Every structure is written in C-alpha cells, then in structure tokens.
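In: Give the three-dimensional model of this entry:
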Amino acid sequence: MSLADLAHARRTHKAFGPEPVARETLVELLEVARLAPNHHLTQPWRFRVVGPDALRLLKECSGPVEAAKLDRAPTLVVASAALSGELVQDEEDVCATAAAIMLVLLAATERGIATYWRTPNVLRTRPGRETLGIPPGERFLGLLHFGPAAREPAPREREPVETYVEFLA
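Out: Model prediction:
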C-alpha cells in the first residue's frame, strides 16, 4: 500500500472492539516514530502506554462524561513532547512530535488497527498530567486510542488542494 493509500484509508474511529493491541505490536508501531523529521535529532516525542491502574486513576480525575470516553478503546497511549525551554527549539519539537504521531497512526492503519487522536482536557490539568507522569517540561499532544474497529467510519469530505496551496512567483 502506498503512503497516499494509507493516508486515504486512515480514519478517526470512535468505536472499538475489546481486544487490546499486543505489546509487541504496539512497540513496533511506536518504533516508527523515530523516523519523523526532527531538528538536531532531539527525538522529543514521549509515549506512555496507559495500563489499567493508570486508567482508573485518570478516570477519577475526569468528570463522568470524559471518563466514559476513556473506555472507548482497549489500548491508550499518551503522546507528549519533551521541551528544552528554548522557544524556537520547542516549536520545532512540538511539530516533530506531531509528525511522529502521524507516522504511528499510519503504521497502525497499515496493520488494520483502528486509531483515534484525541486531546482530552483532563490531560491539560495538573492532576491528569501527574496521574500519568507527564512532567512540567513536556507538552501533551494527544491521547492515542488503538484497537480493532467496531465499525468503519465513512470518509469525510476534505477541501480540494486548490483551497490551501498557493504558488508564489
């Protein structure tokens, strides 16, 4: 499957089957992150796989509506960027981490694993961050959901390339 085919096939899933992604498979998916472009090879991305105890504690920090959403997928991974405190480098590192996340999502799509990149508010709070061990020097970028698809979402319409590309003289 080509990269374009993978990008076309990737969907945001909100309904998952109960089977978790095997640890070995998850490590293989997350290993792809290291191939993301990053300024000075800082490799700023950090991934934390949420286990049952951490999930229980995170749900305690969340309201009831958010806690229910945390049960959507059998495998959850927190993605964050380690920051240096230098403004330009930190901007580069956040972008690099986003690129790394996208590579992981595409790798999952290639294997037929459904994904969802969320940014729940609980992980922007001090209790939520502390529960999952995200130190002050890291920026939370997403809670990644992985698992078998319970149903296949329909593709969503996207703007044509002409609406966002401009050729300058």
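
In: Go ahead and flag the most central residue of this structure.
Out: With distances taken as C-alpha atoms, centre = their mean, residue 144 lies nearest the centre of the chain, 3.7 Å away.

In: Mind pulling up the pLDDT for that one?
Out: We have a pLDDT of 98 for residue 144.

In: Isn't it up against residue 117?
Out: Yes. Contact status for residue 144 versus residue 117: in contact at 5.8 Å, counting by C-beta atoms under 8 Å. Where C-beta positions appear, they are placed from N, C-alpha and C, glycine not excepted.

In: what kind of secondary structure is the nearest residue to the residue nearest to the centre of the chain once chain neighbours are set aside in?
Out: Distance criterion C-beta to C-beta, 6 or more residues apart in numbering; nearest residue to residue 144, sequence neighbours excluded, is residue 77 at 4.4 Å. Following DSSP: H, G, I helix; E, B strand; the rest coil, we place residue 77 in the strand state.

In: ok now do residue 77, which residues does it touch?
Out: Contacts of residue 77 were listed using C-beta atoms under 8 Å, 6 or more residues apart in numbering, and they are 26, 30, 47-50, 143-144, 146.

In: Check whether the residue nearest to residue 74 when sequence neighbours are not counted sits in a helix, strand or coil.
Out: Of all residues not flanking residue 74 in the chain, residue 20 sits nearest, at 4.0 Å (C-beta to C-beta, 6+ apart). Recorded secondary structure, residue 20: coil (three-state DSSP).

In: Ok, residue 109 next?
Out: Applying three-state DSSP: residue 109 is helix.

In: Report pLDDT for it.
Out: In this model, residue 109 is scored at 97, pLDDT.

In: Show me what the residue nearest to residue 144 bridges to in the sheet.
Out: Beta bridges link residue 77 to residue 49, residue 144 when assigned by DSSP bridges.

In: Give me the pLDDT for it.
Out: Note on residue 77: pLDDT of 98.

In: Look up how far residue 87 lies from it.
Out: Applying C-beta to C-beta, to the nearest Å, the value for residue 77 to residue 87 is 27 Å.

In: what do you get for residue 68?
Out: Distance of residue 68 to residue 87, computed by C-beta to C-beta: 38 Å.

In: Also residue 119?
Out: Going from residue 119 to residue 87 by C-beta to C-beta gives 22 Å.
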